[in-house]
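Asker: model this:
(2 chains)
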Protein chains: 2
Amino acid sequence: MSFVNAALHAVPSLPPLPAYEPSTGPLPTEAARDLRGEISLRLDLRHAGIRQVTLRYELLGEAGLPVVFVAGGISAHRHVVASETFPENGWANALAQAGRALDPTRRRLLAIDYVGADGKLDVPLETADQADAIVQLLDALKIEQLHAFVGYSYGALVGLQLAARHPSRLRKLIAVSGAHRAHPYASAWRALQRKAVALGQLQCADAQGLSLARQFAMLSYRTPEEFDERFDAAPEIINGRVRCAAEDYLDAAGAQYVARTPVTAYLRLSESIDLHRLDPAQVGVPTVVVAVEGDRLVPLADSVALVEGLNTQGSSARGQLRVLRSPYGHDAFLKETDRIDNILVAALRDADRNETGETA
Amino acid sequence: MSFVNAALHAVPSLPPLPAYEPSTGPLPTEAARDLRGEISLRLDLRHAGIRQVTLRYELLGEAGLPVVFVAGGISAHRHVVASETFPENGWANALAQAGRALDPTRRRLLAIDYVGADGKLDVPLETADQADAIVQLLDALKIEQLHAFVGYSYGALVGLQLAARHPSRLRKLIAVSGAHRAHPYASAWRALQRKAVALGQLQCADAQGLSLARQFAMLSYRTPEEFDERFDAAPEIINGRVRCAAEDYLDAAGAQYVARTPVTAYLRLSESIDLHRLDPAQVGVPTVVVAVEGDRLVPLADSVALVEGLNTQGSSARGQLRVLRSPYGHDAFLKETDRIDNILVAALRDADRNETGETA
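Answerer: Take a look at the predicted model:
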């Protein structure tokens, strides 16, 4: 019942623009199983006015199954998991397997390339812009309400915005390793990464700058515990310079990232994390917040504050906190498959129950 | 008694070179009070063979007082505290005041510019090289034994090497925020800072590269708690780019560092931290290890392991651990003046007692 009310309240917040223009890709039919497509939409960006942008999505699984939106970090994309149709591994391949919470035979999985991920939009972007774009996609796909939105890292921020701005469009939010604000220390870390990019751009060494930025980011995604286990070898002296044990790994991570990421996309999505701020009391759907002790970007205290805000009197959000400790820190979602799956199983089971209750 | 034995054992480890050449500055006489000088010495560097280097020192306080060596981080230098003779503020000005443990009216304070700090030695340096240079300085100054060595950060590493290689030359070591090895995660962090310098050098933007390196280093010296208190303001959009609240502070820290630091000095001293490794059981003098919970460069676990190693059976080191929690993390030594002083007071009081006991 509360969802119906929320839907009514949410309608005026949709921008008074055509929701979408004719798609350049196929729109799903009842028969469609796995499909990729894109829609062209007019988006009213908070810092750059109305822009025409292309939103690319992938929708996996049979029509009629409950749709779960899966959103990852700024380097994630629309391809979550390998399927018959799109057999390459996805960014959350281990999590979205048969028998798991994100089982593509039991849920329909929807994901996007974030607005700005193609590097063609060189303006400040906000997580709220991403949420608004997702609503236009749901309209285009005729999905009235998501069964759940599972967001990790940047995806958690986008999910929180969706749940605050358009609560009727999702039944439940699972927000992993992301809170209602960017922590000032994490923001400083990202700001310096963007400076590394700028230093590279000074003289056309964009790739080196972006690689260095990514390598610094890797340090924020992982933990000292992991590095201690993996890179305890003594440094070497090569060509008269000291080279530490982790450098090969970091170089490879940087090169891999550069190969698939436009500099502008990195810069604008990184900024977007730092612009993220919302009042948890505005979140209008039941939310499970998953925090990782040892996450160097999202301190546990911020996840606790988020859940406290969700449970503010008058809020209908009903927040729950799940905490796990992992040597993978911010990247635990991608690494602690079994433990994350356990949390998702329980969270989605609750969503299933709610659905049953309401449709009965 | 154990000190005498240690002294005998230590002698053969002194390099068979002329200990020092005629100084270009005045050598201290009994009458001298505060003085700066330099000695030219032949140093057998672990990775570069024998080199002629100039070692600059400052010796503060009246002859006859017990000499305490004070050694700071890689950006510290020979000027510890303002005096009548050298009135500008020193790098540990608040700690070395009348009434404190490092009271220049009750101790003679000795400090150096680290080997390599002038940027003229572009070779890999080790903390053991610094310790050997200090021994030659002590010979030149006719200081048979330091009353104590107080080392913070890089200074703690140098102190540990001194205590392992030349235990007869110091009565007691106080090692603050430094352990027997560089932690692999901290090493990775420094390696990336050096890459920022290299990226700057590639662009003939050496200053920007060094500034960026220093800014990343600042994040490792401080804590999220401090940044949260100081820089929680929402970011601004300036010229179409997001600028976070901490960026002014970090820019200023970078510029200040660039103004006083040769790029080569930074690179070689930074490397030197990563090359640092010793067996705690080799440390031959009583040692107080001071750890800061929340130090992002030296995890508490490493300080604990150091003290455990000091207390290995057969070792004469007798290690003690003091832990404090500070929002200043690695920089607590420079910021938590009262608490650090309390620890130093107790540690030096013990050294005083030992001295009285032995001379009685």
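Asker: tell me, how many neighbours does residue A:239 end up with?
Answerer: Neighbour count of residue A:239, defined by other C-beta atoms under 10 Å in any protein chain shown: 5. Backbone N, C-alpha and C define where each C-beta goes, glycine included.
Asker: Check the gap between it and residue B:210 for me.
Answerer: Distance of residue A:239 to residue B:210, given as C-beta to C-beta, to the nearest Å: 21 Å.
Asker: and if you look at residue A:125?
Answerer: 31 Å.
Asker: Show me which of those two is the more surrounded one.
Answerer: Remark: of residue A:125 and residue B:210, residue A:125 carries more neighbours, 28 against 25, as counted by other C-beta under 10 Å.
Asker: Dihedrals phi and psi, the more buried one?
Answerer: Torsion angles at residue A:125 (phi, psi; degrees, to the nearest 10) stand at phi -120, psi 150.
Asker: again, but for the one 3 residues further on
Answerer: The phi/psi pair for residue A:128 (degrees, to the nearest 10) reads phi -60, psi -30.
Asker: so what's it up against?
Answerer: Shown in contact with residue A:128 (C-beta atoms under 8 Å, 6 or more residues apart in numbering or on different chains): A:46, A:161, A:165, A:278.
Asker: And the last one, how close does it get to residue B:246?
Answerer: What that stands for is residue A:278. Remark: distance between residue A:278 and residue B:246 (C-beta to C-beta) = 21 Å.
Asker: Over to residue A:58?
Answerer: Distance from residue A:58 to residue B:246, by C-beta to C-beta: 37 Å.
Asker: rewinding a little: tell me which of residue A:278 and residue B:246 has more neighbours.
Answerer: Per other C-beta under 10 Å, whichever of residue A:278 and residue B:246 has more neighbours is residue B:246, with 26 against 20.
Asker: correct me, but that one touches residue A:182?
Answerer: No: look at residue B:246 against residue A:182 with C-beta atoms under 8 Å: they stay out of range, at 11.4 Å.
Asker: Name the helix or strand for residue A:207, please.
Answerer: When secondary structure is defined by DSSP states H and E, residue A:207 falls within helix A:206-221.
Asker: Most neighbours among the contacts of residue A:128, which one is it?
Answerer: Neighbour counts for those peak at residue A:161, which has 24 neighbours (criterion: other C-beta under 10 Å).
Asker: Tell me how far the one helix or strand that one maps to lies from the chain's centre.
Answerer: According to DSSP H and E, residue A:161 maps onto helix A:154-165. Here helix A:154-165 is found 9 Å from its chain centre; the criterion is C-alpha atoms, centre = their mean, to the nearest Å.
Asker: again with stretch A:269-285
Answerer: Distance, centroid of stretch A:269-285 to centroid of chain: 12 Å (C-alpha atoms, centre = their mean).
Asker: Let's see it as PDB, backbone CA atoms only.
Answerer: Output of stretch A:269-285 as PDB, limited to C-alpha atoms (Å, rounded to 0.1, in the frame of the first residue of the first chain):
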ATOM      1  CA  LEU A 269      32.200   9.800 -13.300                       C
ATOM      2  CA  SER A 270      34.800  10.300 -10.700                       C
ATOM      3  CA  GLU A 271      33.600  13.800 -10.100                       C
ATOM      4  CA  SER A 272      30.100  12.500  -9.900                       C
ATOM      5  CA  ILE A 273      30.900  10.400  -6.900                       C
ATOM      6  CA  ASP A 274      32.200  13.600  -5.100                       C
ATOM      7  CA  LEU A 275      29.100  15.600  -6.000                       C
ATOM      8  CA  HIS A 276      26.900  12.800  -4.400                       C
ATOM      9  CA  ARG A 277      24.900  13.900  -1.400                       C
ATOM     10  CA  LEU A 278      21.400  13.100  -0.300                       C
ATOM     11  CA  ASP A 279      19.300  13.100   2.800                       C
ATOM     12  CA  PRO A 280      18.800   9.500   3.800                       C
ATOM     13  CA  ALA A 281      15.300  10.400   5.200                       C
ATOM     14  CA  GLN A 282      14.300  11.100   1.600                       C
ATOM     15  CA  VAL A 283      14.900   7.400   0.500                       C
ATOM     16  CA  GLY A 284      11.400   6.000   0.000                       C
ATOM     17  CA  VAL A 285      11.900   2.200  -0.200                       C
END
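Asker: what about that stretch, average pLDDT?
Answerer: Averaging pLDDT along stretch A:269-285 yields 96.
Asker: for stretch A:117-126, same thing?
Answerer: Mean predicted confidence for stretch A:117-126 is 97.
Asker: Endpoint to endpoint, it covers what distance?
Answerer: Start-to-end span of stretch A:117-126 (C-alpha to C-alpha, to the nearest Å) is 13 Å.
Asker: and it, anywhere near chain B?
Answerer: Yes: Stretch A:117-126 lies within reach of chain B by C-beta under 8 Å from any C-beta of the partner chain, at A:123-124.
Asker: closest to chain B among the contacts of residue A:128?
Answerer: residue A:46 (10.0 Å; C-beta to the nearest C-beta).
Asker: Now do the contacts for the closest one.
Answerer: Per C-beta under 8 Å, 6+ apart, neighbours of residue A:46: A:124, A:126, A:128-129.
Asker: tell me the phi and psi of it?
Answerer: Torsion angles, degrees, to the nearest 10, at residue A:46: phi -60, psi -30.
Asker: How about residue A:177?
Answerer: phi 60, psi 40.
Asker: Tell me, how many residues neighbour it?
Answerer: 28.
Asker: which residues in the stretch 51-200 of chain A form helices?
Answerer: A:127-140, A:154-165, A:184-201 (DSSP state H, counting those that start in this stretch).
Asker: close to chain B, is the shortest one?
Answerer: No: for helix A:154-165 and chain B, the contact criterion (C-beta under 8 Å from any C-beta) is not met; the two come no nearer than 14.3 Å.
Asker: Repeat that for stretch A:244-253.
Answerer: Yes: counting by C-beta under 8 Å from any C-beta, chain B is contacted by stretch A:244-253 at A:244-247, A:250.
Asker: Whichever of the residues you listed end up buried, select them in PyMOL.
Answerer: PyMOL command restricting the residues of stretch A:244-253 next to chain B to the buried ones, with burial defined by 16 or more other C-beta atoms under 10 Å in any protein chain shown:
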select buried, chain A and resi 244+245+246+247+250
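Asker: want to throw the residues of stretch A:244-253 next to chain B into JSON lines with pLDDT?
Answerer: JSON lines is the format used below for the residues of stretch A:244-253 next to chain B (pLDDT from 0 to 100):
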{"residue": "A:244", "pLDDT": "97"}
{"residue": "A:245", "pLDDT": "97"}
{"residue": "A:246", "pLDDT": "97"}
{"residue": "A:247", "pLDDT": "98"}
{"residue": "A:250", "pLDDT": "98"}
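Asker: Now do the residue nearest to the spatial centre of chain A, the pLDDT please.
Answerer: For chain A, residue A:155 is the residue whose C-alpha lies nearest the centre (C-alpha atoms, centre = their mean; 1.8 Å). You'll see residue A:155 listed with a pLDDT of 98.
Asker: tell me the contacts of it?
Answerer: Counting by C-beta under 8 Å, 6+ apart, residue A:155 has contacts A:70-73, A:76, A:176, A:178.
Asker: 6 Å instead, please
Answerer: Residues near residue A:155 by C-beta atoms under 6 Å, 6 or more residues apart in numbering or on different chains: A:71-72.
Asker: same check, this time on residue A:246
Answerer: A:231, B:188.
Asker: If we use 8 Å, what do you get?
Answerer: Listed by C-beta under 8 Å, 6+ apart, the contact set of residue A:246 reads A:227, A:230-231, B:184-185, B:187-188, B:191.
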